[in-house]
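# sequence-free structure coming up:
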């Protein structure tokens, strides 16, 4: 697991990466790779500063499998601080600008609804996220860690800061979520 200083180096080095918001959410909100790959904009409420983990995309061999979170407790609401909301808002703006540019150039764009997509709008493959993470780690000159270690690092950083680590379930969010679709 990286130190807080090493994590800061990684986030600084990846600030311009198209998946920066992915790395941010993994490192500072503790989301799993599959949860991030399965995250849809319909499950993100930037106005209220919440995202809802409802789906995951994993791999079984070379097949991508989408389904419910790993455990019942995995289905949850995740609070987002103002900086994280700003990062996701910027990510969404770049994604929409990219979509508009592709349409303007006569290129296809699939409105998949996913937060993290390929250049054509299709959701990213979880294996791609792992490979990309490894390459970015090497470029930043950091010791190798697993992408999943970012999740554990987030918990350690939150604990050191005195945060309550008990997750809230989606049902604890007060009934209707008031999400934008």
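Received the coordinates, thanks. As the structure is a prediction and not an experimental result, all values here were calculated from the model.
# how many neighbours does residue 92 have?
15 (other Cβ atoms under 10 Å). Backbone N, C-alpha and C define where each C-beta goes, glycine included.
# I'd assumed residue 41 was in contact with it.
Yes: between residue 92 and residue 41 a contact is recorded at 7.1 Å, counting by Cβ atoms under 8 Å.
# quick one: distance of stretch 60-76 to the chain centre.
15 Å (Cα atoms, centre = their mean, to the nearest Å).
# just the endpoints, please. Distance across that stretch?
Using Cα to Cα, to the nearest Å, the end-to-end distance of stretch 60-76 comes to 24 Å.
# number the residues from 759 up from this point.
Will do, 759 is the new start, and the previous item becomes stretch 818-834.
# okay, and the common contacts of residue 850 and residue 799?
Residues touching both residue 850 and residue 799 (Cβ atoms under 8 Å, 6 or more residues apart in numbering) are residue 873.
# who are the packing partners of the helix ranked longest in the chain?
The longest helix of the chain (DSSP state H) is helix 840-862. With contacts taken as 3 or more Cβ pairs under 8 Å, 6 or more residues apart in numbering; DSSP states H and E, helix 840-862 sits against helix 778-787.
# what residues does the helix it packs on touch?
With contact meaning Cβ under 8 Å, 6+ apart, helix 778-787 is reached by 765, 768-769, 772, 775, 789-791, 794, 836, 838, 842, 845-846, 848-849, 873-874, 887, 891, 894, 905, 908-909, 911-912, 915.
# switch the cut-off to 7 Å
765, 769, 772, 789, 794, 836, 842, 845-846, 849, 874, 887, 905, 908-909, 911-912 (Cβ atoms under 7 Å, 6 or more residues apart in numbering).
# same question for stretch 856-872.
For stretch 856-872, contacts defined as Cβ under 7 Å, 6+ apart pick out 797-800, 878-881.
# what residues of it count as buried?
By neighbour count on 16 or more other Cβ atoms under 10 Å, the buried set for stretch 856-872 is 856-857, 867, 872.
# between the residues you listed, which is nearest residue 806?
Among those, residue 872 lies closest to residue 806 (Cβ to Cβ), at 20.4 Å.
# mind listing the residues bridging to that closest one?
Beta-bridge partners for residue 872, by DSSP bridges, are residue 798.
# follow-up on the earlier one: give me the helices and strands touching the helix or strand following the longest helix of the chain, please.
Remark: after helix 840-862, the chain's next helix or strand is helix 884-897, criterion DSSP states H and E. Identification of packing neighbours for helix 884-897 by 3 or more Cβ pairs under 7 Å, 6 or more residues apart in numbering; DSSP states H and E yields helix 762-771, helix 791-795, strand 814-818, helix 905-918.
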